[in-house]
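A.B. asks: how would this look folded up:
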Amino acid sequence: MTAPQVVSREQWLAARQELLAEEKAFTRQRDALSAARRALPWVKLERTYSFASPDGEKSLAELFGNCSQLVVYHFMFDDDWEAGCKSCSFWADNYNGITEHLLARDVRFVAVSKAPLAKLEAFKARMGWRFPWVSSPDNEFGQDYGVSFTPAQLEAGDATYNFGSSPARMGELPGLSVFSKEDNGSIYHTYSCYGRGLDILNSAYHHLDVVPRGRDEGTLSYPMEWVRLRDEYSAAG
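C.D. replies: Residues are numbered from 1 along each chain as shown. This next block holds a predicted model:
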């Protein structure tokens, strides 16, 4: 971290007002980008999917509940793992408490993973999460939405992530997909994002962005090397 410049209160206010103008311009740009995101064309789903939930088998349509909009977080938790991905868990810690707010705006939130439901339920209890979480071990939902890759795809080098912008190096990767359901039952895929596109969903990262040292990841071997499951920080020192 570069040593900060120490100035008078008046000088600080002048610098802050200059930055405020840039922040407001960025906010307007972000609003325009969000509008463009919502204006993307839709794709009608032709394939049906089945998920294991605590209330029994559910179709994708049933995951909407009484809402017409569905946000799916593709949580990295392969069927042979004993715990969920630490980075996805970092994101998931931001989701407790928001589901009721989303429901008030006709949006249902659900996490989906390949791991068996019993593992998801045990890990969910350990982490104290309340959002809905379902298992999709026996369908191609993850593959269809760009987060799951077969060993054959990985070995052949045919697995790509984030709309082909980077190679997939693992069988499971994170993402978020959005769906809309019409009154006649038709379901449409409206949006997906991956990689740094998920960044905006992590409130903890954005709090780090406003402190002097920021995310402080520049010297790490990879950006989230420091992240632990929430209950493992004390053990890691």
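
A.B. asks: worst-scoring helix or strand of this protein, pLDDT-wise?
C.D. replies: Counting by mean pLDDT, DSSP states H and E, the weakest-scoring helix or strand in the chain turns out to be helix 233-236, with a mean of 76.

A.B. asks: So which bits of the longest helix that the chain contains are buried?
C.D. replies: The residue-count maximum for a helix in the chain (DSSP state H) belongs to helix 9-38. For helix 9-38, burial by neighbour count (16 or more other C-beta atoms under 10 Å) applies to no residue. Backbone N, C-alpha and C define where each C-beta goes, glycine included.

A.B. asks: What is it packed up against?
C.D. replies: With contacts taken as 3 or more C-beta pairs under 8 Å, 6 or more residues apart in numbering; DSSP states H and E, helix 9-38 sits against no other helix or strand.

A.B. asks: quick one: average pLDDT of it?
C.D. replies: Mean per-residue pLDDT for helix 9-38: 98.

A.B. asks: how about low-confidence regions in the chain?
C.D. replies: 1, 235-237 (pLDDT under 70).

A.B. asks: what about the strands in it?
C.D. replies: 43-44, 50-53, 56-59, 69-74, 107-113, 133-135, 160-161, 166-167, 175-181, 187-194 (DSSP state E).

A.B. asks: Save those strands as TSV, and put in distance to Gln143 and mean neighbour count too.
C.D. replies: Converted to TSV, the strands of the chain look like this (distance: least, C-beta to C-beta, whole Å; neighbours: other C-beta atoms under 10 Å):
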stretch	distance to Gln143	mean neighbour count
strand 43-44	16	10
strand 50-53	15	18
strand 56-59	18	12
strand 69-74	11	22
strand 107-113	12	22
strand 133-135	15	23
strand 160-161	12	16
strand 166-167	16	12
strand 175-181	12	20
strand 187-194	13	18
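
A.B. asks: between these, which one is nearest to Val227?
C.D. replies: Closest approach to Val227 among the strands of the chain is made by strand 69-74 (16.6 Å; C-beta to C-beta).
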